[in-house]
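Enquirer: Curious how this folds, go ahead:
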Amino acid sequence: MDENEPAERPDPKPLMELTTAYWGSQTLLTANRIGLFEHLGHGPADAAAIADALGIRPRETGLLLKACVALGLLVESSHGFENSLLSDTYLVPGSPGYLGNAIRYSDDLYSTWGNLEQVLREAGPSMPTAEYTGGDPERTRHFVYGMHNRALGIGGAMIGMVDLTGRARMLDVGGGPGTYSALFARQYPKLRSQVMDLPEVAVVAREIVASMGLSDRVVPVAGDYSMEDFPPGNDVVLISGVMHRESENGCRKLVEKARDGLNSGGMLVISDVLTDNGGASPLFATLFGLNMMLTAPNGGVHSDFQVAGWMQEAGFLDVVIKPFPPPMPHRLLTGVVP
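Expert: Okay, the predicted model is just below:
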């Protein structure tokens, strides 16, 4: 026996599971894309009827349906195939917890991840940011509605983590669909918010804010947060889901512009996917950093320790870091100007 060989070899199962992990994800992405869960939201059906309704081949449909059963996405009975409770809750359009648009955005990213090596060797993201922030209307819509789906859950937790009592004016920087502003406005009836994002994103955001019945107090406006100064006179500046698109220098500038746009005693709220100090955990945050590298010129991930330091260096006091409730991977930081 080779003296350098370990006495007991580790189980290779984790490696083999990783090599085929995309099989399950592509099954979900495809089933969502072709409208399978939406169709079964009307009731159970057999494989032939499903194939006919969705315009796909019968034999191949049977294989897809069986795989969805194995993944826990569907249930098979004497009545045919029907959505599992999980799919019925999150994958049927119109359900309160609907995540289909967020999954469509992940679907748009699928081929992008196949270019990971290319991005490691060449400069620039595999999917240019402009494709999903205005350049491609369909991808932009998937992106903004995907952010909205996610933000409904994240924002529900966020409003319980931040006290905005007595604060009347918010600036939501890079606020995408305006969902966070709308949820805060519901919680605080005297709060008004301006949502700053790119023109094509703001168009979709106005539609979403109107659907939430808050167009009178939440106003999406066109603006590039990386190029423009922030409007002054704010009691709160919210920067959520933005830091992962920016370099350290870009993040520092955002913190400084937030400080300059706040009234005395104003609060900066930063929410994002952040790593622990050192950057190697948790796993989701590290993989999220790769995803952002693939989709934004300066994309990556920062640690909560770094962000807190940037806030303190910019003059913010009482900087606090709070983790979101599990299983959400986000973290929230707050600080106030003197």
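
Enquirer: can you give me the strands in the stretch 201-338 of the chain?
Expert: Listed in chain order, the strands of the stretch 201-338 of the chain (DSSP state E, counting those that start in this stretch) span 218-222, 234-240, 262-273, 317-323, 330-336.

Enquirer: Kindly format the C-alpha coordinates of the first one as CSV.
Expert: Written as CSV, here are the backbone C-alpha positions of strand 218-222 (Å, rounded to 0.1, in the frame of the first residue of the first chain):
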residue,chain,number,x,y,z
VAL,A,218,-44.2,54.7,-4.0
VAL,A,219,-42.8,56.3,-7.2
PRO,A,220,-40.3,54.4,-9.5
VAL,A,221,-38.1,57.0,-11.2
ALA,A,222,-35.4,56.4,-13.9
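
Enquirer: what comes into contact with that strand?
Expert: Strand 218-222 has contacts (CB atoms under 8 Å, 6 or more residues apart in numbering) with 175, 178, 181-182, 185, 192-199, 201-202, 205-206, 209, 212. Backbone N, C-alpha and C define where each C-beta goes, glycine included.

Enquirer: Please identify the pairing partners of that strand and their relative orientation?
Expert: Applying DSSP bridges, strand 218-222 is found paired with strand 192-197 (parallel).

Enquirer: buried residues in the partner strand?
Expert: Under the neighbour-count criterion of 16 or more other CB atoms under 10 Å, strand 192-197 has 192-197 buried.

Enquirer: May I see the strands of the stretch 201-338 of the chain arranged in TSV, with mean pLDDT and mean neighbour count as well?
Expert: Converted to TSV, the strands of the stretch 201-338 of the chain look like this (pLDDT from 0 to 100; neighbours: other CB atoms under 10 Å):
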stretch	mean pLDDT	mean neighbour count
strand 218-222	96	21
strand 234-240	98	24
strand 262-273	98	21
strand 317-323	98	13
strand 330-336	98	20
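
Enquirer: I'd like to know which of those strands lies nearest to residue 18.
Expert: strand 262-273 (21.0 Å; CB to CB).

Enquirer: Run the angle between the closest one and strand 234-240 for me.
Expert: Taking axes from the mean of the first three to the mean of the last three CA atoms, to 10 degrees, one finds strand 262-273 and strand 234-240 inclined to each other by 20 degrees.

Enquirer: Which elements pack onto strand 262-273?
Expert: If you count contacts as 3 or more CB pairs under 8 Å, 6 or more residues apart in numbering; DSSP states H and E, strand 262-273 packs onto strand 234-240, helix 248-260, helix 283-295, helix 304-313, strand 330-336.

Enquirer: mind saving the C-alpha coords of it as CSV?
Expert: Extracted C-alpha coordinates of strand 262-273, given in CSV (Å, rounded to 0.1, in the frame of the first residue of the first chain):
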residue,chain,number,x,y,z
LEU,A,262,-29.7,61.6,4.4
ASN,A,263,-31.0,64.1,6.9
SER,A,264,-29.4,64.4,10.3
GLY,A,265,-30.2,61.2,12.2
GLY,A,266,-31.2,59.5,8.9
MET,A,267,-30.8,55.7,8.6
LEU,A,268,-29.0,53.7,6.0
VAL,A,269,-30.3,50.2,5.5
ILE,A,270,-28.3,47.7,3.5
SER,A,271,-29.6,44.2,2.7
ASP,A,272,-27.8,41.7,0.5
VAL,A,273,-26.4,38.2,0.2
